[in-house]
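Peer 1: Pasting a predicted model and its sequence here:
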Amino acid sequence: MKHCGVSVASVSKALNGYSDIGEETRQLILKTASEMDYLPNSSARALKTKRTHNLGVLFVDEAMSGLTHDYFNHVLESFKRTAESRGYDITFTSGNLSGQRLGYYEHCRYRGVDGVVIACINFFTEEVRRLVQSEIPIVTIDHVFDGRIAIVSNNIQGMEDLVSYILKKGHRKIAYIHGEDSSVTRSRLGSFYHTLQKKRIDVPDEYMPVIPYRDAEAAAMATAELLDLKDPPTCILYPDDFAALVP
């Protein structure tokens with residue numbers, strides 16, 4: 001402030017990207033701050049603005065694949081790049097803090113996040129529901145909660161298009177090795193049955209085995225059992241690309 005000969009308010013506006021400040025003054029302040037190796041104190045800024053510019057990510061898949069997940073790693077990487085380009089940091093929410101177990105909501109409160117993205121988790125647990133019902137802004141991926149923003153894949157249309165394509169290829173005995181219960185699984189199953197019912201095609205129960213998502217070994221076992229049936233299917237659908245890599 002003294003080095004630039006401007007007010008505290010002008011320094012704050014320049015460092016925080018506000019538009020109501022002259023460009024020449026802004027550049028002077030930024031140049032001076034750089035020469036002095038000055039960085040704003042994030043804690044002090046949070047106290048004033050009531051925002052931490054920190055976003056939580058709740059991501060816990062059953063296979064414990066973490067950021068190696070072949071689908072969600074791309075989703076989370078894109079989210080990370082976009083958030084950082086807008087001045088936000090990312091914190092993964094696990095419920096563990098220095099060996100102490102906290103609920104997801106408590107962990108988010110402790111970190112002071114401005115919002116949370118929830119992806120690839122059991123959305124039906126009480127712990128997740130408590131976070132979703134809290135005052136913290138939430139965005140869910142591939143699951144819908146009333147009153148919350150959700151980004152959802154079109155699983156219904158996707159399954160209908162896939163089954164319609166298979167039918168055009170002449171298949172009528174179609175098996176579906178599907179994932180365990182989730183909103184994604186329910187949407188896909190509903191569309192699978194509905195599309196076949198429109199063609200008056202029945203699906204035997206033995207054509208519908210359940211396996212965990214991203215489990216190639218379980219998929220291999222289910223495939224062997226399907227092919228050993230007295231009346232085996234001519235086409236088999238899998239819950240994900242990873243499970244389709246039958247060893």
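Peer 2: Arrived safely, thanks for sending.
Peer 1: got the CA positions of the helix ranked longest in the chain in CSV?
Peer 2: For the chain, the helix that runs over the most residues, judged by DSSP state H, is helix 183-198. Output in CSV follows, covering the C-alpha atoms of helix 183-198 (Å, rounded to 0.1, in the frame of the first residue of the first chain):
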residue,chain,number,x,y,z
SER,A,183,-29.3,-45.2,-9.3
VAL,A,184,-27.2,-45.8,-12.5
THR,A,185,-28.0,-49.6,-12.4
ARG,A,186,-31.7,-49.0,-11.8
SER,A,187,-31.9,-46.6,-14.8
ARG,A,188,-30.1,-49.0,-17.0
LEU,A,189,-32.1,-52.0,-15.9
GLY,A,190,-35.4,-50.2,-16.4
SER,A,191,-34.4,-49.2,-19.9
PHE,A,192,-33.1,-52.6,-20.8
TYR,A,193,-36.3,-54.4,-19.8
HIS,A,194,-38.6,-51.7,-21.3
THR,A,195,-36.8,-51.8,-24.7
LEU,A,196,-37.1,-55.6,-24.9
GLN,A,197,-40.7,-55.6,-23.7
LYS,A,198,-41.6,-53.3,-26.6
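Peer 1: Return the distance of that helix from the chain's centre.
Peer 2: 22 Å (C-alpha atoms, centre = their mean, to the nearest Å).
Peer 1: do stretch 77-89 as well
Peer 2: 14 Å.
Peer 1: ditto for stretch 132-151
Peer 2: Worked out by C-alpha atoms, centre = their mean, stretch 132-151 lies 11 Å from the chain centre.
Peer 1: Span of that stretch from start to end?
Peer 2: This stretch, stretch 132-151, spans 15 Å end to end (C-alpha to C-alpha, to the nearest Å).
Peer 1: Sounds good, over and out.
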